[in-house]
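Undergrad: Okay, sequence plus prediction incoming.
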Amino acid sequence: MQTLAGDHGVLEFDIRRTVILAAYMKHWGMPEWRKSLLSADQSDKIELYYFPAASDDVPVRFATVGLSVCSYDPSGNRIDAEWVLALESELGGESIERVYDYLADLLVHHIRNAPNTVLPRLMPPSALAPEKWTTTALLLDEPRGEAEELEHFNIGEQQVALVWVVPITPSEATIIMDKGIDSFDVYAEESEYSLIDPCRPI
């Protein structure tokens, strides 16, 4: 009987998906939708999952599997992180496909330009943001409001962190740049608008 050569990369990705997706599903329920991003040579893949809201007071989530394999800082060190974007169920008036395209653009930019693993990190206002959103800038930070179990995933020897992707307004970005993340946290706590609302006033 002929022995077929194994594909270590595929197996490693399958194991990564099994561990991370199982944790996502435990806390967010079944995903409703998935798309994949492939590198130009198809050697790297990122899967992007959509988890619908279980009720009106629960956010929808877009979460990655595979980002922790293919993102590196300028020194060549792998950035061991996956992303989650939480939004109100109406998605700020945009379609799932439009949010996917935006997040895909952000992921590509992150892979090409990520300076390091330090959080929090700001990405400036961008014309790539969905047209109906006022939150054209982005904050990458530690996950808030998520179960402790989702903060890190152990994939063999690798520890993968979950990073919260927070769309923010240009004025909120200015608060962070001028006064720091603690001042932004106070501002967000006192605001009548939720951070998962991408159409909050500028």
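TA: Nice, thanks for sending it over. Numbers count the residues shown, from 1 in each chain.
Undergrad: Partner strands of the longest strand along the chain and their direction?
TA: In the chain, ranked by residue count with DSSP state E as the criterion, the top strand is strand 158-168. In the sheet, strand 158-168 lines up against strand 81-87 (parallel), strand 137-141 (antiparallel), strand 152-155 (antiparallel) (DSSP bridges).
Undergrad: can you tell which of those strands is closest to residue 172?
TA: Of all the strands paired with strand 158-168, it is strand 137-141 that lies closest to residue 172, at 7.2 Å by CB to CB. C-beta: built from backbone N, CA, C; applies to glycine.
Undergrad: By mean pLDDT, point me to the weakest helix or strand of this protein.
TA: The weakest-scoring helix or strand in the chain, judged by mean pLDDT, DSSP states H and E, is helix 67-70 (a mean of 86).
Undergrad: show me what contacts the residue nearest to residue 193 when sequence neighbours are not counted?
TA: Spatially, and ignoring its direct neighbours in sequence, residue 193 is nearest to residue 200 (3.8 Å; CB to CB, 6 or more residues apart in numbering). Contact partners of residue 200, counting by CB atoms under 8 Å, 6 or more residues apart in numbering, are 134-135, 169, 191, 193-194.
Undergrad: What segments of the protein are strands?
TA: Counting by DSSP E, the chain has strands at residues 33-38, 45-51, 60-65, 81-87, 121-123, 137-141, 152-155, 158-168.
Undergrad: Residue 123 - nearest residue in space that isn't next to it in sequence?
TA: Distance criterion CB to CB, 6+ apart; nearest residue to residue 123, sequence neighbours excluded, is residue 138 at 4.0 Å.
Undergrad: And the helices in the chain?
TA: With DSSP state H, the ranges of helices along the chain come out as 8-28, 67-70, 96-113, 170-179, 181-190.
Undergrad: Take those and lay them out in CSV including distance to residue 145 and mean neighbour count.
TA: Below are those laid out as CSV (distance: least, CB to CB, whole Å; neighbours: other CB atoms under 10 Å):
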stretch, distance to residue 145, mean neighbour count
helix 8-28, 11, 15
helix 67-70, 21, 20
helix 96-113, 19, 16
helix 170-179, 17, 15
helix 181-190, 12, 13
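Undergrad: Need the strands of the chain in JSON lines (columns: mean neighbour count, mean pLDDT and distance to residue 23).
TA: Formatted as JSON lines, the strands of the chain follow (neighbours: other CB atoms under 10 Å; pLDDT from 0 to 100; distance: least, CB to CB, whole Å):
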{"stretch": "strand 33-38", "mean neighbour count": "13", "mean pLDDT": "88", "distance to residue 23": "16"}
{"stretch": "strand 45-51", "mean neighbour count": "21", "mean pLDDT": "94", "distance to residue 23": "12"}
{"stretch": "strand 60-65", "mean neighbour count": "23", "mean pLDDT": "96", "distance to residue 23": "10"}
{"stretch": "strand 81-87", "mean neighbour count": "22", "mean pLDDT": "95", "distance to residue 23": "10"}
{"stretch": "strand 121-123", "mean neighbour count": "17", "mean pLDDT": "90", "distance to residue 23": "23"}
{"stretch": "strand 137-141", "mean neighbour count": "20", "mean pLDDT": "95", "distance to residue 23": "19"}
{"stretch": "strand 152-155", "mean neighbour count": "15", "mean pLDDT": "91", "distance to residue 23": "6"}
{"stretch": "strand 158-168", "mean neighbour count": "20", "mean pLDDT": "94", "distance to residue 23": "9"}
